[in-house]
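> Dropping the sequence and predicted coords here.
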Amino acid sequence: MDNKEFFAEHVHRYIVYRDIESALQKYERRILNELRFRGLENDFFKDKTVIDIGTGFQALTVAKMGARQVYHLDQSAAQIAWMHAYCAESGISNVVSVECDITREIPIDAKADTVLVFGIWHHLENGNAFMRNLCPLLNEKEAQIWMRVYRSGSWSRWLVGHLRKLTGHLDPRTVRQTLEARFAGHGIGQWIGDLLDDFFAPVWKAFHPDQFAIEGVSRFVDYEGWDYNFNEKDENFRVDFHITPQNRADFENFVFPATGVDQYTLPVGQNEFPASEALKRFTRDFGNGSAYLLGERLITLYELVRAKPPFDPYTRKHAPAERCGTASKRLEGLTEILESFEKDA
């Protein structure tokens, strides 16, 4: 699978491209939320130089919010071409989109005040190399890097870590066709895009916040120190790096984590026994040798990962609300579905 074009081809087509204006509004809300989490005003980006990595919709948002110059970086040629066309058509002159692999080089001449790394780190093969490439591009007087990272031990990341042991047998194009047929007309592009991302992203990792702790440099916007939690905890965490001349050497010498926490072997405390009993069934072929059936059943299991459409025309059933909530309820729901697959075998 082509890592460079995976997200443009399989994920962003559902999350952003189907309704550009709605996507822009969604990303604006997200940026405003990020400012609110940090106690900052809406004009924070005014006259700043910003580096944004990803789809480019955050770049468009902060440009609209008054940034002096925004550098948008993405490894997808298709995504960069789209951004060039959109900015030209919209008369946006303060966004520069550059195609590059940020772990190899970042070919821009910038001194960034703020760098946005939201939803990126857990898809990087070598995040430390990215940070080394980024360091020379930071404003020497003061710079901030904002990151949002997949959280190890949250219910969604734990379960996806197990589901991904099976998705390697599937073709994402076939699963896309199944999803489009099963949920036609439901307007759930975000849910479909999230599923394809979780199932098929060429690089997928989950980290613990402590892996990013640099004394006097890092700040956790929403820090909680738990190792696992299957209840209502956030599936991501936010960590910022505030870099000044006084702490720059500490930042530059820090070795950033390349390896996340293996969700397949993660101890889950008091839930160890019911979790292990449920996961024994993952070793069985509940696709009965059929890639199509395996895809169907993994889609059903994904309904336990995050909120699903309110009504599934394929199964003619509503999502049972009681499966969301406590750890025991979630594990019961997982076991119930896996047992139903065995009965249907």
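Yep, that arrived. Numbers count the residues shown, from 1 in each chain.
> From here on, just use CA atoms for contacts and neighbour counts.
OK.
> Tell me how far the closest residue to Leu195 other than its chain neighbours lies from Thr335.
For Leu195, ignoring the flanking residues on the chain, the nearest one in space by CA to CA, 6 or more residues apart in numbering is Tyr302 at 7.2 Å. Per CA to CA, to the nearest Å, Tyr302 is found 13 Å from Thr335.
> Same drill for the two, tell me which one is more crowded.
Using other CA atoms under 10 Å, the more surrounded residue of Tyr302 and Thr335 is Tyr302, with 22 against 19.
> any idea how far that one is from Ile192?
In this view, Tyr302 and Ile192 are 10 Å apart by CA to CA.
> what do you get for Glu5?
From Glu5 across to Ile192, the span is 17 Å (CA to CA).
> Could you do His186 as well?
Counting by CA to CA - His186 and Ile192 are separated by 11 Å.
> about what we covered before: okay, Glu5 and Ile192: which has more neighbours?
Ile192 (24 against 16).
> Got phi/psi on Thr114?
Main-chain torsions, Thr114, degrees, to the nearest 10: phi -140, psi 140.
> again with His72
Per degrees, to the nearest 10, the backbone of His72 is at phi -100, psi 130.
> quick check, Leu116 in a strand?
Yes. Residue state for Leu116 (DSSP: H, G, I helix; E, B strand; the rest coil) corresponds to a strand.
> which residues does it form a beta bridge with?
For Leu116, the beta-bridge partners are Asp52, Trp146 (DSSP bridges).
> Check Arg151 too.
Assessed by DSSP bridges, Arg151 has beta-bridge partners Phe207.
> Look up how far Pro136 lies from Pro107.
To Pro136, Pro107 is 11 Å away according to CA to CA.
> Also Val255?
With distances taken as CA to CA, Val255 is found 16 Å from Pro136.
> Quick one: low-confidence residue ranges for the stretch 201-345 of the chain.
Confidence mapping of the stretch 201-345 of the chain against pLDDT under 70 gives the ranges 283-284, 308-325, 345.
> Which stretches in it count as strands?
218-220, 236-243, 311-312, 317-318 (DSSP state E, counting those that start in this stretch).
> Could you list the alpha-carbon positions for the longest one in CSV?
This file holds the C-alpha atoms of strand 236-243, laid out as CSV (Å, rounded to 0.1, in the frame of the first residue of the first chain):
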residue,chain,number,x,y,z
ASN,A,236,-5.9,11.1,22.3
PHE,A,237,-3.7,13.3,24.4
ARG,A,238,-2.3,16.7,23.7
VAL,A,239,1.3,17.7,24.4
ASP,A,240,2.9,21.1,23.6
PHE,A,241,6.6,22.0,23.5
HIS,A,242,7.5,25.6,24.4
ILE,A,243,11.0,26.2,23.1
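> Can you show me the helices along the stretch 151-300 of the chain?
155-167, 172-182, 189-200, 248-253, 272-279, 291-302 (DSSP state H, counting those that start in this stretch).
> I'd like these laid out as JSON lines, including distance to Thr49.
Compiled in JSON lines, the helices of the stretch 151-300 of the chain are given as follows (distance: least, CA to CA, whole Å):
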{"stretch": "helix 155-167", "distance to Thr49": "33"}
{"stretch": "helix 172-182", "distance to Thr49": "37"}
{"stretch": "helix 189-200", "distance to Thr49": "30"}
{"stretch": "helix 248-253", "distance to Thr49": "19"}
{"stretch": "helix 272-279", "distance to Thr49": "47"}
{"stretch": "helix 291-302", "distance to Thr49": "39"}
